[in-house]
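[1] sequence first, then the predicted structure, then my questions.
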Amino acid sequence: MWTPEYLERLARTYWCFLSRISLGLLRVLYTPSSREVVFLTRPFVLLRFRPPEYEFDSDSGTVTWPIERGLLVARGGRGRGYLRLTVSRRPDDHGAREVTATVCSEVVQFYPAIAGRGWFFRIGRFIYNQTQLRLHVVVTHAFLRSLADLELERSVVGALVSPASPQ
């Protein structure tokens with residue numbers, strides 16, 4: 001089943017997928033204190049996340065990236081929301097040789113800069129819903145479909161790699 005190492009690899013696969021479908025225009029930069037989604041390079045940091053937080057139990061695992069800031073984040077939304085991937089197996093699959101896993105993605109309390117505020121909020125929210133939100137949904141569905149082949153990328157950080165795993 002999903003080990004901490006494979007949850008970390010799932011997280012890395014998400015970032016690689018994002019870079020691949022954007023034809024390399026979006027890149028993810030790893031630092032000890034953040035993950036940055038940049039347009040080509042710094043200083044064009046679209047989204048900056050704090051380091052991922054991992055949670056595990058016997059049937060599921062979750063990786064959460066708290067949103068810190070970035071060009072796409074409204075000033076009032078800095079440090080408030082998060083991006084999360086959760087993988088879980090069906091309860092009736094215990095002991096089975098093959099199991100069915102469900103992967104979910106969610107963005108919570110994200111405040112887009114494009115939505116604006118004040119009198120512009122209604123217009124800005126409409127623009128956000130027609131652009132960024134739709135694109136996020138399309139990308140997320142494509143990522144989840146891509147997981148069918150279970151080809152997970154190796155982690156850049158490797159914080160959760162078991163000692164017995166080959167690098």
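    Okay, I see it.
[2] summarise which helices and strands the lengthiest helix in the chain is packed against.
    For the chain, the helix reaching the highest residue count under DSSP state H is reported as helix 4-21. Applying 3 or more Cβ pairs under 8 Å, 6 or more residues apart in numbering; DSSP states H and E, one finds that helix 4-21 contacts strand 26-31, strand 34-39, strand 53-56, strand 60-69, strand 82-89, helix 132-146. All C-beta spots, glycine's among them, are computed from the backbone N, C-alpha and C.
[3] the inter-axis angle of it versus strand 60-69?
    Comparing the axes of helix 4-21 and strand 60-69 via axes from the mean of the first three to the mean of the last three Cα atoms, to 10 degrees yields an angle of 50 degrees.
[4] tilt between helix 4-21 and helix 132-146?
    Interaxial angle, helix 4-21 versus helix 132-146 (the same axes, to 10 degrees): 120 degrees.
[5] OK, contacts around T41?
    Shown in contact with T41 (Cβ atoms under 8 Å, 6 or more residues apart in numbering): R27.
[6] and it, which of the three is it?
    Following DSSP: H, G, I helix; E, B strand; the rest coil, T41 is assigned to coil.
[7] quick one: pLDDT of it?
    pLDDT, T41: 90.
[8] surely G79 meets P66?
    Yes. Judged on Cβ atoms under 8 Å, G79 makes contact with P66 at a distance of 7.5 Å.
[9] of these two, which one has the most company?
    Counted by other Cβ atoms under 10 Å, G79 and P66 do not tie: P66 has more neighbours, with 18 against 10.
[10] residues in contact with L83?
    Residues in contact with L83 (Cβ under 8 Å, 6+ apart) are 49, 64-65, 67, 105-107, 110.
[11] cutoff 7 Å now
    When contacts are counted by Cβ atoms under 7 Å, 6 or more residues apart in numbering, L83 touches 49, 65, 67, 107.
[12] how about A115: what's its closest non-neighbour residue?
    G124 (4.1 Å; Cβ to Cβ, 6 or more residues apart in numbering).
[13] now the one you found: which helix or strand?
    Here G124, judged by DSSP states H and E, is contained in helix 121-130.
[14] any idea of the mean pLDDT for that helix?
    In this model, helix 121-130 has an average pLDDT of 93.
[15] buried residues in it?
    124, 127-128 (16 or more other Cβ atoms under 10 Å).
[16] go through stretch 37-51 and flag the buried ones.
    37-38, 45, 47-49.
[17] tell me which residue is most central in the protein.
    The centre of the chain sits closest to L83, judged by Cα atoms, centre = their mean, with a distance of 5.3 Å.
[18] this completes my enquiry, with thanks.
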